[in-house]
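Trainee: Need the 3D shape of this:
(chains A and B)
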Amino acid sequence: MIGLATSIGRGLRGKLGDWGWSARLLGALLLHLGACLRRFVLVREQIFFLGNRSLSLIGVSGLFVGFVLALQGYYTLQRYGSAEAVGLLVALSLVRELGPVVTALLFAGRAGTSLTAEIGLMKAGEQLAAMEMMAVDPVKRVLAPRFWGGVIAMPFLAAVFSAVGILGGWLVAVPLIGIDAGSFWSQMQGGVDVWADVGNGVIKSVVFGFTVTFIALLQGYNCKPTPEGVSAATTRTVVMASLATLGLDFVLTAMMFSI
Amino acid sequence: MAFTDPNSSNNVRPLIEVKGVTVGYGDRVILKDVNVSLPRGKVLALIGSSGGGKTTLLRLLTRQLRPQTGQVLFDGQDLAPMDQTALYAQRRRMGMLFQFGALFTDLSVFENVAFPLREHTRLSEPMIRDLVLMKLNAVGLRGARDLMPNEVSGGMARRVALARAIALDPDLVLYDEPFAGLDPISLGVTARLIRDLNDALGLTSVIVSHDIHETFGIADHVVMVANGGVVAQGTPDELRNSQDPLVHQFVNAQSDGPVRFHQPAKPVREDFGLPQETAA
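Mentor: Below you'll find the model as predicted:
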């Protein structure tokens, strides 16, 4: 019994230590915003690396999601004689929900794993230790630009996903199914509110960018500096970032439901 | 024990002083009550068997580790209680060569050497270019400036790392296993380079190495670390002629001695399931 209590206590103390360490890292990343703005070139490189290089994946995925949404939407709406509303359904689904969420999941798989592996391998190759020995803070020089680069890139990627998805929906609904183009666009224009709907998606994508990038950096910076350690950290990034995205999506949707 | 240089005046403070340091991981003590002192301008070699605490001592000197008790003084200042700003101010006066160079793999040779200059100075681009080429020239790699780290050999990578370590003209350079895995030519070149740079730039150097021949050839003073402490120190000749069995075994690379070749284990017959010998 005492042994069980001891092991629970030890595990809890270890977890508290991990959380404290993570909170300190998050605090440091937030505090280094000023330094990142002063050397914005470092953030710009990361926006290019994390954002531009994810564009093809995000664009193609958005297109296919738009195709499917239009087909499924038409299947449901035509039962009620509202097939013209398929444009509105595609747009609302994308900007309020699927754009931010699917982009965050793809971002975790594409950019998140890349960040974790990069930081983990830098740690394994003693590059971070070498930086510290050169009196350069790796959190400020390496992690913070990547963090803010991810936070900035994510809403733009979500916007691209939604825009391409809407084009995909149009391709299926108008040329393929034959819905009137005017109805498709006018229903969308009339039904999508910039603040309530697009703003909702933007807030979500910023929160997801913050969460996914932080988890990826934390896992990389905290990993064991071995091949197995980097591999395990990369896996944890995908699992934790995906679950955090889906969990936060519910919380944010509930919070913004009345907006 | 302190290493005192007969040629230096007594009132010059040693660059490094390790005073009564004990350090370990958790309950495991790695070094106990270690005292080492290093005058400026000299080359100190730390030798000893694997796991003996050499790298731990090196990490103490740069405060990658803090001692549990005792003090590590760099130019008279205790490193342990320093905050990050004060510590980084001291580390700007140190350079460290990691075992495999630890070059930034996404930067070219030139940019690796320029990295500390770009981070810590506001020098103009032409000035940075000249300084980097001078440092690369000092290690014989001016012609490799445009190569990436994956395009240079292990020996060259270490020389690039050495150029990077001396980029800010440090007072102290620390070398962690600088000869490991090098071919004989690279090994000789690296050893000569360490000594020449130390003398030409007025550095103070600390080398952790297993290579007795090369290390003894360039060191002014050798400290042997084993069994959680300093077991011997002196000039290379003093250690070569030491009658201490542990020092003798290590310096002459003997497989058996105070450090056993075999780890303690069950009797061979028992492990291989052979019948016990019976008395005739």
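Trainee: The residue nearest to residue B:14 when sequence neighbours are not counted sits in which helix or strand?
Mentor: On the basis of CB to CB, 6 or more residues apart in numbering or on different chains, the spatially nearest residue to residue B:14 that is not a chain neighbour turns out to be residue B:37, at 4.7 Å. Any C-beta I mention is one placed from the backbone N, CA and C, and that applies to glycine too. With elements delineated by DSSP states H and E, residue B:37 resides in strand B:28-38, which encompasses its position.
Trainee: who does that strand touch, helix- and strand-wise?
Mentor: Counting contacts by 3 or more CB pairs under 8 Å, 6 or more residues apart in numbering or on different chains; DSSP states H and E, the secondary-structure elements packed against strand B:28-38 are strand B:16-25, helix B:54-61, strand B:221-226, strand B:229-234.
Trainee: run the last query once more with 10 Å
Mentor: Counting by 3 or more CB pairs under 10 Å, 6 or more residues apart in numbering or on different chains; DSSP states H and E, the packing neighbours recorded for strand B:28-38 are strand B:16-25, strand B:43-47, helix B:54-61, strand B:69-74, strand B:204-208, strand B:221-226, strand B:229-234.
Trainee: Each with direction, which strands does the first one pair with?
Mentor: Right, strand B:16-25. Using DSSP bridges, the strands paired with strand B:16-25 are strand B:28-38 (antiparallel), strand B:69-74 (antiparallel).
Trainee: Can you add mean neighbour count and mean pLDDT and give those back as JSON lines?
Mentor: What follows is the strands paired with strand B:16-25, written out as JSON lines (neighbours: other CB atoms under 10 Å in any protein chain shown; pLDDT from 0 to 100):
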{"stretch": "strand B:28-38", "mean neighbour count": "19", "mean pLDDT": "87"}
{"stretch": "strand B:69-74", "mean neighbour count": "18", "mean pLDDT": "91"}
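Trainee: can you put those strands in a markdown table and add distance to residue A:78?
Mentor: Output for those, formatted as a markdown table (distance: least, CB to CB, whole Å):
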| stretch | distance to residue A:78 |
| --- | --- |
| strand B:28-38 | 73 |
| strand B:69-74 | 78 |
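Trainee: for these, which one sits closest to residue A:168?
Mentor: strand B:28-38 (60.5 Å; CB to CB).
Trainee: Send over the closest one as PDB, restricted to the C-alpha atoms.
Mentor: Taking Å, rounded to 0.1, in the frame of the first residue of the first chain, the C-alpha atoms of strand B:28-38 are listed here in PDB:
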ATOM      1  CA  ARG B  28      25.200   8.600  -7.800                       C
ATOM      2  CA  VAL B  29      28.400  10.600  -7.100                       C
ATOM      3  CA  ILE B  30      30.600  11.100 -10.200                       C
ATOM      4  CA  LEU B  31      33.300  13.300  -8.800                       C
ATOM      5  CA  LYS B  32      34.100  13.900  -5.100                       C
ATOM      6  CA  ASP B  33      36.100  16.700  -3.600                       C
ATOM      7  CA  VAL B  34      38.000  17.600  -6.800                       C
ATOM      8  CA  ASN B  35      40.500  20.400  -6.800                       C
ATOM      9  CA  VAL B  36      42.100  21.500 -10.100                       C
ATOM     10  CA  SER B  37      43.700  24.900 -11.000                       C
ATOM     11  CA  LEU B  38      44.800  26.100 -14.400                       C
END
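Trainee: Now do the helices in the chain.
Mentor: No chain specified, so I'll use chain A. Under the criterion DSSP state H, chain A carries helices at the ranges A:2-31, A:33-38, A:40-46, A:55-77, A:86-92, A:99-107, A:113-124, A:127-133, A:138, A:144-171, A:181-191, A:199-222, A:227-255.
Trainee: my question was about chain B
Mentor: With helices called from DSSP H, chain B shows them at B:54-61, B:84-91, B:109-120, B:125-138, B:154-165, B:184-201, B:212-218, B:236-240, B:245-251, B:268-272.
Trainee: and the third one with helix B:125-138, angle?
Mentor: Between the axis of helix B:109-120 and that of helix B:125-138 there is an angle of 130 degrees, by axes from the mean of the first three to the mean of the last three CA atoms, to 10 degrees.
Trainee: if you look at helix B:109-120, does any of it touch chain A?
Mentor: Yes: judged by CB under 10 Å from any CB of the partner chain, helix B:109-120 comes into contact with chain A through B:112, B:115, B:116, B:118, B:119, B:120.
Trainee: The first one contacts residue B:162, doesn't it?
Mentor: No: using CB atoms under 10 Å, residue B:112 is not in contact with residue B:162, being 11.1 Å away.
Trainee: Can you work out which residues contact both of the two?
Mentor: Any residue near both residue B:112 and residue B:162 by CB atoms under 10 Å, 6 or more residues apart in numbering or on different chains counts here, and that gives residue B:101.
Trainee: Pull the number of nearby residues for the residue of the stretch 101-250 of chain B found nearest chain A.
Mentor: Closest contact between the stretch 101-250 of chain B and chain A, by CB to the nearest CB, is at residue B:102 (3.9 Å). By the measure other CB atoms under 10 Å in any protein chain shown, the count of residues near residue B:102 is 25.
Trainee: Quick check: the residue nearest to residue B:14 touching residue B:16?
Mentor: Yes: contact between residue B:37 and residue B:16 holds when scored by CB under 10 Å: they sit 7.0 Å apart.
Trainee: Tell me where the model's unsure across the chain.
Mentor: Going with chain A. Applying pLDDT under 70 to chain A flags residues A:258-259.
Trainee: not what I meant, chain B
Mentor: B:1-11, B:256-257, B:259-262, B:278-280.
Trainee: which residues are there in chain A that come within reach of chain B?
Mentor: Chain A comes close to chain B at residues A:118, A:121-122, A:125-137, A:141-142, as judged by CB under 10 Å from any CB.
Trainee: Redo the helices and strands packed on strand B:28-38 as a markdown table? Include distance to residue A:4.
Mentor: Shown next, in a markdown table, are those (distance: least, CB to CB, whole Å):
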| stretch | distance to residue A:4 |
| --- | --- |
| strand B:16-25 | 27 |
| strand B:43-47 | 45 |
| helix B:54-61 | 35 |
| strand B:69-74 | 35 |
| strand B:204-208 | 44 |
| strand B:221-226 | 41 |
| strand B:229-234 | 40 |
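Trainee: Go ahead and confirm residue B:244 touches residue B:233.
Mentor: No: counting by CB under 10 Å, no contact exists between residue B:244 and residue B:233, whose distance comes to 11.2 Å.
Trainee: who has more neighbours, these two?
Mentor: Each of residue B:244 and residue B:233 has its neighbours counted (other CB under 10 Å); residue B:233 has more, 23 against 14.
Trainee: number of nearby residues for the residue nearest to that one when sequence neighbours are not counted?
Mentor: Nearest residue to residue B:233, sequence neighbours excluded (CB to CB, 6+ apart): residue B:223, at 4.4 Å. By the measure other CB under 10 Å, the count of residues near residue B:223 is 26.
Trainee: gap between residue B:223 and residue B:244?
Mentor: 14 Å (CB to CB, to the nearest Å).
Trainee: Please name whichever of the strands paired with strand B:16-25 is nearest to residue B:276.
Mentor: When the strands paired with strand B:16-25 are ranked by distance to residue B:276, counting by CB to CB, first place goes to strand B:28-38 at 36.7 Å.
Trainee: tell me the angle the closest one makes with helix B:54-61.
Mentor: Per the same axes, to 10 degrees, the angle that strand B:28-38 makes with helix B:54-61 is 60 degrees.
Trainee: Contact partners for residue B:35?
Mentor: Each residue near residue B:35 by CB under 10 Å, 6+ apart is listed here: B:1, B:2, B:17, B:18, B:19, B:20, B:21, B:70, B:229, B:230, B:233.
Trainee: Looking at neighbours, which among those residues is most surrounded?
Mentor: That'd be residue B:21 among those, by other CB under 10 Å, with 25 neighbours.
Trainee: Pretty sure that residue sits against residue B:37.
Mentor: No: here residue B:21 lies out of contact with residue B:37, judged by CB under 10 Å, at a distance of 11.9 Å.
Trainee: quick revisit: joint contacts of residue B:244 and residue B:233?
Mentor: Common neighbours of residue B:244 and residue B:233 (criterion: CB under 10 Å, 6+ apart): residue B:224.
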